[in-house]
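K.L.:
Here is a sequence with its predicted model. Questions after.
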Amino acid sequence: MTASQLTVLAFAVVTVALVALQGLARRSPARPNIGDVFTVLMQRPTGRFLVMLGWWWLGWHFFVR
């Protein structure tokens, strides 16, 4: 297995874990889901910058070749 394949596999595992956590969060209204987290993050300029930086980092690692 090459390093790039291992990286894609790691991202896939993290994605599956996040989807599973989102599913668990939606089962109970007391738990915050990913939409609640992004709502809080997007209220301040620093949070918006961090969200943009995260999307940039993710796009750079998956789409630039």
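P.N.:
Received the coordinates, thanks.
K.L.:
how about the helices in the protein?
P.N.:
3-27, 34-41, 45-63 (DSSP state H).
K.L.:
any chance of these in JSON lines, with mean pLDDT too?
P.N.:
As requested, those are exported to JSON lines (pLDDT from 0 to 100):
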{"stretch": "helix 3-27", "mean pLDDT": "88"}
{"stretch": "helix 34-41", "mean pLDDT": "88"}
{"stretch": "helix 45-63", "mean pLDDT": "89"}
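K.L.:
Kindly reformat these as JSON lines containing mean neighbour count.
P.N.:
For the C-beta atoms, the positions are set from N, CA and C on the backbone; glycine is no exception. Output for those, formatted as JSON lines (neighbours: other Cβ atoms under 10 Å):
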{"stretch": "helix 3-27", "mean neighbour count": "11"}
{"stretch": "helix 34-41", "mean neighbour count": "12"}
{"stretch": "helix 45-63", "mean neighbour count": "11"}
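K.L.:
What sits closest to residue 41 if chain neighbours are left out?
P.N.:
Using Cβ to Cβ, 6 or more residues apart in numbering and skipping the chain neighbours, the partner closest in space to residue 41 is residue 47 (3.8 Å).
K.L.:
Could you check how far the one you found is from residue 39?
P.N.:
10 Å (Cβ to Cβ, to the nearest Å).
K.L.:
likewise residue 31?
P.N.:
Distance from residue 31 to residue 39, by Cβ to Cβ: 14 Å.
K.L.:
Equivalent analysis for residue 15, please.
P.N.:
For residue 15, the distance to residue 39 - Cβ to Cβ - is 21 Å.
K.L.:
swap in residue 62?
P.N.:
25 Å.
K.L.:
and if you look at residue 13?
P.N.:
26 Å.
K.L.:
Ok, residue 26 next?
P.N.:
15 Å.
K.L.:
Then residue 60?
P.N.:
On the measure of Cβ to Cβ, residue 60 and residue 39 end up 25 Å apart.
K.L.:
now residue 14
P.N.:
From residue 14 over to residue 39 (counting by Cβ to Cβ), the distance is 22 Å.
K.L.:
Repeat that for residue 59.
P.N.:
Counting by Cβ to Cβ - residue 59 and residue 39 are separated by 22 Å.
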